[in-house]
Every structure is written in structure tokens, then in C-alpha cells.
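**Q** model the structure of this input:
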Amino acid sequence: MMQLKKVLAVTLVLGALGLTGCEKEPAKIVSAQLLTDIDRGSGNFSRVLEICLDHPVAIKSPYYHTMQLVTNDGYELKGSSWLRHAASDPNNNCQLRNVYLYLGKDDPPGSRQLIDQFVRPGNIKELKLELFAEEPQTGREKPMSSKTFRNI
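**A** Model prediction:
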């Protein structure tokens, strides 16, 4: 019985050490802004969120983020997605996210037009970003970084 306890204790310690070795490098959200000058006439990139971290995203270590935006007019937009390594600019700390991609199946028809109308620089009352190592499953996971921007 004593031998089994020792084996179990050693297994738990080694397992804990192995798990910490696989952890992603912590990242912090540094800045965010809404860009409207990325689009070259298509209309698909007229609203782009630039999220800057303290370091570039590594090739095999994407981060999951959530976004909550409230405009001065009371329009709210929530969404989430992965922040992945930028192959075209691997040393860039910033990620460009098309705001329209935050729309989901539960958003009402005409939401794209609401983004065009309300989500613009100078009209963002609050933008909350949270960064996670993995996609949250329960909603109780603590983000590795969280930042709220006001009046952008």
C-alpha cells in the first residue's frame, strides 16, 4: 500500500511538471483601435479591429480572445475567435480582425448595416478584450489578459 502511494505521488508530480512545460507563453493586450482605412473598395474590410499584444503570436501557439463592444448609441457587439500567427508578417505584435466576422448566427438580420452605422472611430464607448490560452469551455476560466478601452 505504501509503495502504491509513492508511485502515485511521483506520477502526480511528474504529470504536473509535464503540464507546465506545455503551457503557452503568457501574453498581454497592449492596445486596440478601430481602423476604417484598410478597405480598398470591396466593403468587406471597412471595419477592422487592430489588437496589439506584447509579443507576436508564435507559430504553434494561437490565443483565443473574446470581444465586447458598446457604442455611444447603445449598439452592442460580442464575439470571439482565435488569434493566430501572422505568416505574412511574423514579427508584428498586432492582429487585424474584421469586425464583421464577430457576427454570429444568433445576430439579427441587418447586423452588418448596424456595424456600418454605429461601429466607427470616436463612437466606441467601451471595448473589452480578453485573451485566453485556449477556448473557454465553462465561462469560468480566468483570462491571461483582460483590458477595457474607453472612448475610442
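
**Q** where along the protein do the strands fall?
**A** 29-35, 48-53, 63-71, 76-83, 94-98, 124-132, 145-150 (DSSP state E).

**Q** flag every buried residue along the first one.
**A** Which is strand 29-35. Within strand 29-35, the residues that count as buried by 16 or more other Cβ atoms under 10 Å are 29, 32, 34. For glycine as for every other residue, the C-beta is placed from the backbone atoms N, C-alpha and C.

**Q** nearest to the spatial middle of the chain, which residue is it?
**A** Most central in the chain under Cα atoms, centre = their mean is residue 65, positioned 2.1 Å from the mean C-alpha point.

**Q** ok, now which ones touch that one?
**A** When contacts are counted by Cβ atoms under 8 Å, 6 or more residues apart in numbering, residue 65 touches 51, 80-83, 129-132.

**Q** gap between it and residue 146?
**A** In this structure, residue 65 and residue 146 are 10 Å apart, going by Cβ to Cβ, to the nearest Å.

**Q** what residues are shared contacts of the two?
**A** Joint contacts of residue 65 and residue 146 (Cβ under 8 Å, 6+ apart) are 129-131.

**Q** pLDDT score for residue 5?
**A** At residue 5, the pLDDT value in this model is 48.

**Q** so residue 91 touches residue 55, yeah?
**A** No. The pair residue 91 / residue 55 is not scored as a contact, 9.6 Å apart, by Cβ atoms under 8 Å.

**Q** tell me which of the two has more neighbours.
**A** residue 55 (12 against 7; other Cβ atoms under 10 Å).

**Q** from what I can see that one touches residue 27, true?
**A** Yes. Counting by Cβ under 8 Å, residue 55 does reach residue 27; the two are 6.3 Å apart.

**Q** to residue 108, which of the strands of the chain lies closest?
**A** strand 76-83 (11.6 Å; Cβ to Cβ).

**Q** now do the buried residues in the closest one.
**A** Per 16+ other Cβ under 10 Å, strand 76-83 contains these buried residues: 77, 79, 81, 83.

**Q** pull out the buried positions in stretch 52-64.
**A** 53, 56-57, 62-64.

**Q** mind putting these into a markdown table with distance to residue 102?
**A** Listed next are the buried residues of stretch 52-64 as a markdown table, based on distance: Cβ to Cβ, whole Å:
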| residue | distance to residue 102 |
| --- | --- |
| 53 | 18 |
| 56 | 22 |
| 57 | 19 |
| 62 | 17 |
| 63 | 16 |
| 64 | 13 |
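
**Q** fine by me, we can end here.
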